[in-house]
Structures are given as C-alpha cells and as structure tokens.
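Engineer: Fold the following.
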Amino acid sequence: MKNVPVIGKSIDANAYERLIKDLRTIWETGKTRARRAIAKEALRAYWEMGGRIAQEQLTENAGYARSVMQRLAKDIKTDMTTLYRCVQFHEIYKTVPETEVLAWAHYRLCYAQHKRYYVGLALMLASLPPLTALFSFYTT
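Structural biologist: Numbers count the residues shown, from 1 in each chain. From the prediction side, this is the model:
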C-alpha cells in the first residue's frame, strides 16, 4: 500500500481511509444533530407564536379574528392555517413537547388525522344501537 503524503508526516492508505470514514461519520452526525436542533427550535417558535396569538384573545365578533389572522399571515409571510395551528398547538400542549423525533410537520399531520379519526368515530358510534341494548343480556 502506498503512503499518502501529508505535510510533516505520511499516513498509510489504511489509516487514511479510516480517517476519511471517521470524518464522514462525524460530519453526518453533526448534520443530523443540527437538523434536530433546527426542528426543535422551529417547534418552540410555533408553540410560542400560538401562545402570543392566544394572548390577544381575539374574538369572532364580525369576523374580527379572521381579519386579524389574515393580516398577520400576510405581514409575517405565512398562511392563516399555520397561525391557527400554532394556536391549537399551544392550547393542546401546555409546554413545548420535548422530542427529537417529531417535527412540526408531524404535529400538523396529527391534527388532520385526529379530525378525520374523530369524525369517523362519531359516525361509527352514531350507527350503533344504544348501550342499553348492547348490554341488555346482563339485566335478564
């Protein structure tokens, strides 16, 4: 095996390949930690935004809340749905969720799935007979 010349010292090819492998691992691990930190801080920002909007206690009188949310969305260059989800997120979680796995996109998806789930559950329960009919054999 040929040595790789380096200023002041040479390193054999196997050691050089290990060095490259180690540096790539360190770099990829660092990028993963950075992505997680960004996701965690974004989650905190959405939660804090929801809290700040909720603090204003906007009312639905004459569409006031909607018009304020429209203007806020325009001024901070986002959409109203995101702002409403921020408020919901803050209401559901009393503190910022401590997770390294779930990002804002996961929570958004959960809201959508919860709505579908509960609507489906309500429809299913509405089609069932009353509980008294289901358990009438206990009373006979």
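Engineer: and the closest residue to residue 89 other than its chain neighbours, how many neighbours?
Structural biologist: The shortest distance from residue 89 to any non-neighbouring residue, by CB to CB, 6 or more residues apart in numbering, is to residue 50 (5.0 Å). For glycine as for every other residue, the C-beta is placed from the backbone atoms N, C-alpha and C. A total of 22 residues lie near residue 50 under the criterion other CB atoms under 10 Å.
Engineer: Give me the phi and psi for residue 50.
Structural biologist: phi -60, psi -40 (degrees, to the nearest 10).
Engineer: what's it in contact with, if anything?
Structural biologist: For residue 50, the contact set (CB atoms under 8 Å, 6 or more residues apart in numbering) comprises 85, 86, 87, 88, 89, 90, 91.
Engineer: ok, now with 10 Å
Structural biologist: 82, 83, 84, 85, 86, 87, 88, 89, 90, 91, 92, 93 (CB atoms under 10 Å, 6 or more residues apart in numbering).
Engineer: Filter those residues down to the buried ones.
Structural biologist: Buried members of the contacts of residue 50, counted by 16 or more other CB atoms under 10 Å: 83, 84, 85, 86, 87, 89, 90.
Engineer: Let me have these in TSV, extended by pLDDT, secondary structure and distance to residue 30.
Structural biologist: Shown next, in TSV, are the buried ones among the contacts of residue 50 (pLDDT from 0 to 100; DSSP: H, G, I helix; E, B strand; the rest coil; distance: CB to CB, whole Å):
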residue	pLDDT	secondary structure	distance to residue 30
83	92	helix	33
84	90	helix	36
85	89	helix	31
86	92	helix	30
87	91	helix	35
89	89	helix	29
90	90	helix	31
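Engineer: Mind putting these into CSV with distance to residue 41?
Structural biologist: Shown next, in CSV, are these (distance: CB to CB, whole Å):
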residue, distance to residue 41
83, 18
84, 21
85, 17
86, 14
87, 19
89, 15
90, 16
